[in-house]
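> sharing a model prediction with you, sequence too.
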Amino acid sequence: MQAPRLVATDVDGTLLDNNERVSVRAAAVVGRLTAAGVGFVLVTGRPPRWIPPVVAQLGVVRLAVCANGAVLYDAVEDRVRWAHQIPPGTLADLAAAAAEALPGCGLAVERVGTGAFDDVAAQFVAEPDYQHAWPNPDNASVSRSELLARPAVKLLIRVPEMTSGEMVAALRPLVGDAVDLTFSNPRGLVEASPPGITKATGLAEVAQETRIENEAVIAFGDMPNDLEMLRWAGHGVAMGNAHPVLFDVADEVTASNEEDGLALVLERWF
C-alpha cells in the first residue's frame, strides 16, 4: 500500500494499551501524519462522552465515529454532527426477541445529545438489574418501558454467563435485518445498532465528505465490531491481540496493542 490519505483506528484494544493509555510512540506517529495533512479518525463503540480522555492524549483529533458507526462526533467543537438512531418500535421488538432468545437478559441503551456532555445522566440508561461490563458506569436506572420509550443509537443486551458470540447466534434468527448485531466485549455483551449501520458505514461517510476513496484508507481493529471496517478499508490491519475472526479478513496482522502494533505499521510512511 502507498501512504494512506486517511487513517482510521479503533480505540480500546487497538490505539490504547491495556491501561487505556496512548503510548508515546503511537502519539508521535499520529502527530507526524496529521502534520503531513493525512486525515485521522477514531472509529469506536464508545459514546461521544468517552472520547475526550482519548483526544486529550493525542491533541490532534477532531473526528470520532462513535457507537459502532451510528454517530459522528466533532471533538474540537464538542458537537454531534449526525446520528443514526433505532426508533422506539424497533427497540421494543428487539427487547421482545431478546427476552425470548435470552431469558433473564438485562437491557441498556445509549442515547445521544448535541454534544458529549449534553444531559449526560440521560445518555446511558439501564434496567435496575442490568449487570455492567465496565466499572463505575455513568448511567441512570429506569424501567424497561421507559428505557424503550425514546430513540437510541445503540441497544446493549447483557448475559454475563454467556459469551457474546453465543448471544449473537441466539439472537440473529429472531431479529433478522431489523438491526445490526455485533460485540466489542467477548463476555456476554451484544450491541445492536440501526440496520445496516456499522463502523464501515460510519467511516465511509467520513471518507466521502473528505473525497477519499476506500483504497486510500488504512484501518486498525481488534474485535468483531471492527470486521466490516477492515473489509471496507483499502488496507485492513488486525492487532496481534485481535479476536480470531479478524485474522481471516485483515490484509495484515501487526503486533498487539501492548507492543505498539499501530505505530509499527504507520511508521513505514510517517
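Cool, got the structure. Residues are numbered from 1 along each chain as shown.

> not counting sequence-adjacent ones, nearest residue to residue 1?
Leaving out its chain neighbours, the residue that sits closest to residue 1 by CB to CB, 6 or more residues apart in numbering is residue 235, at 4.5 Å. Just so you know, the C-beta spots here come from the backbone N, C-alpha and C atoms, and that holds for glycine as well.

> these two touch, right, the one you found and residue 3?
No - counting by CB atoms under 8 Å, residue 235 stays clear of residue 3, with 10.8 Å between them.

> more neighbours: these two, which one.
Neighbour count, other CB atoms under 10 Å: between residue 235 and residue 3, residue 235 has more, with 19 against 13.

> need the contact list for the more buried one.
1, 4, 217, 218, 219, 251, 252 (CB atoms under 8 Å, 6 or more residues apart in numbering).

> name the residues linked to it by a beta bridge.
Listed by DSSP bridges, the beta-bridge partners for residue 235 are residue 218.

> confidence score at it?
For residue 235, the model assigns a pLDDT of 98.

> hmm, who's touching the helix or strand of the chain with the lowest mean pLDDT?
Lowest by mean pLDDT, DSSP states H and E among the helices and strands of the chain is strand 140-141, with a mean of 85. With CB under 8 Å, 6+ apart as the test, strand 140-141 has contacts from 121, 122, 124, 125, 126, 127, 128, 130.

> and those, which is closest to residue 64?
Proximity of these to residue 64 (CB to CB) peaks at residue 124, which lies at 16.7 Å.

> residue contacts, the closest residue to the closest one other than its chain neighbours?
Sequence neighbours aside, residue 139 is the residue nearest to residue 124 in space, at 4.3 Å (criterion: CB to CB, 6+ apart). Counting by CB under 8 Å, 6+ apart, residue 139 makes contact with 108, 124, 125, 126, 132.

> quick one: contacts for the residue nearest the centre of the chain?
Centroid-nearest residue in the chain: residue 45, 2.0 Å away (criterion: CA atoms, centre = their mean). Neighbour list for residue 45: 12, 66, 67, 68, 154, 184, 191, 225 [criterion: CB under 8 Å, 6+ apart].

> residue boundaries of the helices in the stretch 101-250 of the chain?
144-147, 164-175, 199-209, 227-232, 244-247 (DSSP state H, counting those that start in this stretch).

> single out the most deeply packed of the ones you listed.
helix 227-232 (a mean of 23; mean count of other CB atoms under 10 Å).

> and it, what other elements does it pack with?
helix 199-209, strand 217-221, strand 235-238, helix 244-247 (3 or more CB pairs under 8 Å, 6 or more residues apart in numbering; DSSP states H and E).

> closest one to residue 74 among the ones you listed?
helix 199-209 (11.1 Å).

> now do the closest one against strand 217-221, angle only.
Relative orientation of helix 199-209 versus strand 217-221 (axes from the mean of the first three to the mean of the last three CA atoms, to 10 degrees): 150 degrees.

> centre of the chain to helix 199-209, how far?
Offset of helix 199-209 from its chain centre (CA atoms, centre = their mean, to the nearest Å): 13 Å.

> name the helices or strands packed onto it?
Contacts defined by 3+ CB pairs under 8 Å, 6+ apart place helix 199-209 against strand 6-9, strand 39-43, strand 63-66, strand 71-74, strand 217-221, helix 227-232.

> now tabulate the ones you listed in CSV and tack on distance to residue 198 and mean pLDDT.
Shown next, in CSV, are these (distance: least, CB to CB, whole Å; pLDDT from 0 to 100):
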stretch, distance to residue 198, mean pLDDT
strand 6-9, 13, 98
strand 39-43, 10, 98
strand 63-66, 10, 98
strand 71-74, 13, 98
strand 217-221, 11, 98
helix 227-232, 4, 98
